[in-house]
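Participant: sharing a sequence plus its predicted fold:
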Amino acid sequence: MNEDQKLQTEKQQSSFRATTILAVRRDGQVAVAGDGQVTLGDTVMKHKARKVRKIYNGKIIVGFAGAAADALSLFERFEAKLEKHQGNLTRAVVELAKDWRTDKILRRLEALLLVVDRDNFFLISGTGDVIEPDEGVMAIGSGGAYAQAAAYALLRHTNMPPAEICREAMTIAADLCIFSNDQISIEEL
């Protein structure tokens with residue numbers, strides 16, 4: 001790993017403390033949830049931000065952790081990739097990750113994207129990572145590990161639908177992570 005990649009990785013690890021995004025799939029349904037807290041340093045600036053949105057005619061849900069302006073820029077680029085590849089999510093994700101990692105300006109963007117459709121889950125990072133989980137749960141952000149653990153337990157031991165699992169798991173994460181709150185927004189497919 002060269003110095004630029006090391007710096008980028010360190011920035012990502014230190015800057016993604018201010019959110020929790022969770023995706024859950026069960027029985028052909030998908031839900032993605034995000035908390036609403038926005039922090040600047042150690043100050044809460046906003047409580048009801050929407051960090052999860054539907055794109056590509058409501059067929060794909062994207063959530064982000066990191067710098068909002070950077071994530072919005074990546075959303076636009078990602079939507080352009082989807083248009084170029086006629087909605088082929090896998091191809092669009094790979095192309096965005098390649099551009100993000102190799103472009104001098106893009107690789108300075110500090111965000112992680114969680115992208116889902118009815119059949120696929122992907123985490124995309126500026127270091128070129130494209131990760132697809134083994135099970136129907138994925139989370140990012142500072143409260144991601146808490147939300148993911150809670151979602152696994154609920155998925156394995158209840159019959160709750162994905163949106164309910166997301167709401168409950170995000171509430172648990174908000175109770176544990178000081179950078180997440182219980183102002184939860186959920187999008188479903």
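Facilitator: Happy to help now that I have it.

Participant: which stretches of this structure form strands?
Facilitator: 20-26, 29-34, 38-40, 43-46, 52-55, 60-66, 111-116, 121-125, 130-131, 137-141, 185-188 (DSSP state E).

Participant: what lies in contact with the fifth one?
Facilitator: Strand 52-55 is touched from outside by 21, 32-34, 60-63, 75, 78-79, 82, 185-187, with contacts defined as CB atoms under 8 Å, 6 or more residues apart in numbering. Bear in mind the C-beta positions are built from the backbone N, C-alpha and C, glycine included.

Participant: and the least confident of those residues?
Facilitator: Across the contacts of strand 52-55, the smallest pLDDT goes to residue 75, namely 79.

Participant: quick one: that one and residue 62 touch, right?
Facilitator: Yes: here residue 75 reaches residue 62: they are 6.1 Å apart, a contact under CB atoms under 8 Å.

Participant: nearest approach to residue 159 belongs to which of the strands of the chain?
Facilitator: If you check each of these against residue 159 by CB to CB, strand 20-26 wins as the nearest, at 8.9 Å.

Participant: tilt between the closest one and strand 29-34?
Facilitator: 170 degrees (axes from the mean of the first three to the mean of the last three CA atoms, to 10 degrees).

Participant: worst mean pLDDT across the helices and strands of the protein, which element?
Facilitator: Using mean pLDDT, DSSP states H and E, helix 3-15 stands out as the lowest-scoring helix or strand of the chain, at a mean of 47.

Participant: tell me which of the contacts of strand 52-55 is nearest to residue 170?
Facilitator: Using CB to CB, the contacts of strand 52-55 come closest to residue 170 at residue 33, 4.9 Å.

Participant: what's the nearest residue to the residue most central in space within the chain if we skip its chain neighbours?
Facilitator: Centroid check for the chain by CA atoms, centre = their mean gives residue 114 as the closest residue, at 3.1 Å. In space, and not counting its chain neighbours, residue 114 is closest to residue 63: 4.5 Å by CB to CB, 6 or more residues apart in numbering.

Participant: low-confidence ranges in this structure?
Facilitator: Along the chain, the model assigns pLDDT under 70 to residues 1-18, 67, 104-109.

Participant: need the distance between the two termini of stretch 149-169.
Facilitator: Using CA to CA, to the nearest Å, the end-to-end distance of stretch 149-169 comes out at 8 Å.

Participant: now do the same contact list for residue 188.
Facilitator: Counting by CB under 8 Å, 6+ apart, residue 188 has contacts 29-32, 162-163.

Participant: may I have the longest helix along the chain as CSV, with CA atoms only?
Facilitator: The helix spanning the most residues in the chain, taking DSSP state H as the definition, is helix 68-84. Taking C-alpha atoms only, helix 68-84 is exported to CSV below (Å, rounded to 0.1, in the frame of the first residue of the first chain):
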residue,chain,number,x,y,z
ALA,A,68,-22.3,14.6,3.1
ALA,A,69,-21.0,16.7,0.2
ASP,A,70,-18.7,13.9,-0.9
ALA,A,71,-21.5,11.3,-0.6
LEU,A,72,-23.8,13.5,-2.7
SER,A,73,-21.2,13.9,-5.4
LEU,A,74,-20.7,10.1,-5.4
PHE,A,75,-24.5,9.6,-5.6
GLU,A,76,-24.5,11.7,-8.8
ARG,A,77,-21.6,9.8,-10.3
PHE,A,78,-23.2,6.5,-9.3
GLU,A,79,-26.5,7.4,-10.9
ALA,A,80,-24.6,8.3,-14.1
LYS,A,81,-23.0,4.8,-14.0
LEU,A,82,-26.4,3.2,-13.6
GLU,A,83,-27.7,5.1,-16.6
LYS,A,84,-24.7,4.2,-18.7
